[in-house]
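> predicted structure and sequence below. I'll ask about it afterward.
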Amino acid sequence: MKTTELYRIAERRGITVERFRLSRNKSVSLCLDSGLFVGLDGGISGADEKVCLAHELGHCETMSFYNMYSPCDVRGKHERRANVWAIKRLIPRTRYFWALRHGYDDIYLLADYFGVTPEFARKTADYYGENNK
C-alpha cells in the first residue's frame, strides 16, 4: 500500500490529517467531539510518514484511543490494535510470506521491499511469527 492510498482512506473516512511541528512524537491521533484527527510532524517523509500515518489511522479505524490520565486504561492494548491494523494494511500476510519465500528474509530487505521502516518490518515479523495460523 502506498502512502497516497492511506491519505485516501483518511479522506473517505472523514479523518482530518494535518502536518505541524511535534516536539515529542512523529505523529498523534485524537478522537474529539468534532471528529477524528491525525497529526504528523512536518519533518517526516518517506517510510516514516507511511508507517506513522498507517499507525495513527489504525487508532482511528479501531477506535483505540487511551486516556493518559486514567489509571484503568491499558495503553499497550490500544497500541497493539493500531499496530495490527497498520501491519495488515501495509504488509498483508500473504504478501509477507511470499516475500520471505522469494529471498526477502532480512528485516532491511523486507523494509525496503515494502517501503516501511526496519522497526516496522520487525514488528511485522514478530506479529506474523506469533500469529502464523
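Cool, got the structure. Residues are numbered from 1 along each chain as shown.

> name the SS class of the most centrally placed residue in the chain, please.
Closest residue to the average C-alpha location of the chain: His55 at 2.2 Å, with CA atoms, centre = their mean. Assigned by DSSP: H, G, I helix; E, B strand; the rest coil, the conformation of His55 is helix.

> quick one: it and Val84 touch, right?
No. Judged on CB atoms under 8 Å, His55 makes no contact with Val84 at a distance of 10.3 Å. To be clear about C-beta, it is placed using only N, CA and C from the backbone, and glycine gets the same treatment.

> domain parsing of the protein, as residue ranges.
1-90, 92-128 (automatic domain parsing).

> just the terminal-to-terminal distance for the last one.
The one in question is domain 92-128. Start and end residues of domain 92-128 are separated by 10 Å (CA to CA, to the nearest Å).

> same deal with the longest one?
Domain 1-90 has an end-to-end distance of 5 Å (criterion: CA to CA).

> any idea of the mean pLDDT for it?
On average, the pLDDT along domain 1-90 is 88.

> likewise for stretch 120-133?
87.

> return the distance of that stretch from the chain's centre.
14 Å (CA atoms, centre = their mean, to the nearest Å).

> which residues does that stretch contact?
47, 51, 83-84, 86-87, 90-91, 93, 96-97, 107-108, 110-111, 114, 116 (CB atoms under 8 Å, 6 or more residues apart in numbering).

> rerun at 6 Å
51, 83, 87, 91, 96, 107, 110-111 (CB atoms under 6 Å, 6 or more residues apart in numbering).
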